[in-house]
Every structure is written in C-alpha cells, then in structure tokens.
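K.L.:
model this:
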Amino acid sequence: MLRQPVESAQYTSIRYHSRLCDVGAVASIGSVGDSYDNALAESLIGLYKTECVAVDGPFRGVADLELATCDWVHWFNNDRLHSAIGHAPPIEYETGHYRHNHTHQQPLMGEPSLH
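P.N.:
Below is the predicted model of the structure:
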C-alpha cells in the first residue's frame, strides 16, 4: 500500500495516538494534535541542557551527570534570580507568598481545631 506523506504534525499525532490505542498504551502527553502542554517541559529541558549539561560536561559517567543534575536543580529552585518575580530566588518568593497569604492561626490550648 502506498501511503501519502503526512502534511502536518497534527496528523502525525493522530496516527501516533491510533497506534498507541492499537497496542493498549496510553500517551504521556496531552490530547491528539496538542503540543502546547509539553512546551513548558521542553523549555525547562532546554535550559537544563544549556546551563548544566553543556557547561559542566562532558561527564565521566551517569553518576557524575546525576550529581551535576542535583546541583543544577537545587540552584534552579533556591538560588537563581528570576526576573518575573522581582529578581528574587523562587524559594524566597514562594516562602514570602505563603507567609503573607496563607497564615493559619493555631488554636489556643483547649480549643477545638477546625481541621
């Protein structure tokens, strides 16, 4: 059978989805033809490759890559300055957010808790 070339990624996704259904597999991505849900993850992976793997590599083995990855994730979450949140580290911004917006009063001794 001669197959026609696929004209767009959407049709490729439909065929991919159909093949997964044929074998009883479930896709780990969004709906058919929808790549937007994966864009944020791809962007983060790109940052990781650029800022960690390309800068600190080449690595001697998987253990060295894992250690570098742990260091990068710690830096990414705790130390980097993020322009969208006032050039503050994400953990500092999150801590301030919860301190100011989600304070829970502890019940006095002998008072029932609402939880």
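K.L.:
Which positions within the longest helix along the chain qualify as buried?
P.N.:
When the chain is parsed with DSSP state H, its longest helix is helix 62-78. Of all the residues in helix 62-78, those buried under the rule 16 or more other Cβ atoms under 10 Å are 65, 68, 72, 76. In this view, the C-beta of every residue, glycine as well, is placed from N, C-alpha and C.
K.L.:
Thought F59 was touching the first one, still the case?
P.N.:
Yes. Using Cβ atoms under 8 Å, L65 makes contact with F59 at a distance of 4.5 Å.
K.L.:
pLDDT score for L2?
P.N.:
Listed pLDDT for L2 reads 48.
K.L.:
re the thing from before, mind putting the buried residues of helix 62-78 in CSV, distance to M109 included?
P.N.:
What follows is the buried residues of helix 62-78, written out as CSV (distance: Cβ to Cβ, whole Å):
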residue, distance to M109
L65, 52
A68, 49
W72, 46
F76, 42
